[in-house]
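>>> Below: sequence and its predicted model.
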Amino acid sequence: MSGAAEEHRVDHDLVWVLEDSAEDAEAIARALGRTHPGLTLEFTDRGTGFVERLLQAARRPGLVLLDLNLPGLSGGAVLRSIRSRPELNDVAVVVFTSSTEPEEVDTSYAAGADSYIYKPVNFELFRTVLKGAVDYWQRKAKGGDEGPAAQPPS
């Protein structure tokens, strides 16, 4: 007999985006559509129920792009909830937000963010930053250690 437990696998070509701004969601879709046409993107605009969806998904994303400024359940609360679940340890969480507040950066890393990236206003830079982040996390998932030239903390 096969086991009753449902098998969950991480798909590194699947990215879940938690973003409440329709404009930013469209920019993410356009940017990654150009740089990573093989990715599957799934968008949601609410933190409520997000972790439950992750836990139930047979095909989990290799990467979650998480905005901090969400209505209802905040991105920070979603991040803490993801990191409180050991079964989600293989899911990389990149905070992708407009906030540059040092306290939010520190709080995000303390809560378990894998990266914290500021959303540039310029689309070309936006696309370049997203490309670098996705390239890095895909390479890391495949066992590659070197990423893009990382900016040291200031």
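That came through fine.

>>> so where's the longest helix in the chain?
Counting by DSSP state H, the longest helix found in the chain is helix 123-141.

>>> helices or strands up against that one?
When contacts are defined as 3 or more C-beta pairs under 8 Å, 6 or more residues apart in numbering; DSSP states H and E, helix 123-141 packs onto strand 9-18, helix 22-35, strand 59-66, strand 92-97, strand 115-118. For glycine as for every other residue, the C-beta is placed from the backbone atoms N, C-alpha and C.

>>> Identify each buried residue in that helix, please.
Neighbour-count burial for helix 123-141 flags 126-127, 129-134, 136-138, 140-141 (criterion: 16 or more other C-beta atoms under 10 Å).

>>> Export the helices and strands packed on helix 123-141 as TSV, with columns for mean pLDDT and mean neighbour count.
What follows is the helices and strands packed on helix 123-141, written out as TSV (pLDDT from 0 to 100; neighbours: other C-beta atoms under 10 Å):
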stretch	mean pLDDT	mean neighbour count
strand 9-18	95	19
helix 22-35	96	15
strand 59-66	96	23
strand 92-97	96	24
strand 115-118	95	17
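
>>> and Leu73, which of the ones you listed is closest to it?
Of all the helices and strands packed on helix 123-141, strand 9-18 sits nearest to Leu73, with 9.9 Å by C-beta to C-beta.

>>> can you give me how far the closest one is from the chain middle?
Averaged C-alpha coordinates place strand 9-18 at 8 Å from its chain's average position (C-alpha atoms, centre = their mean, to the nearest Å).

>>> before we move on, what about stretch 73-89?
11 Å.

>>> What of stretch 95-109?
Using C-alpha atoms, centre = their mean, the offset of stretch 95-109 from its chain centre is 14 Å.

>>> So for that stretch, first residue to last residue, what's the gap.
Stretch 95-109 has an end-to-end distance of 9 Å (C-alpha to C-alpha, to the nearest Å).

>>> Equivalent analysis for stretch 116-130, please.
For stretch 116-130, the end-to-end distance is 11 Å (C-alpha to C-alpha).
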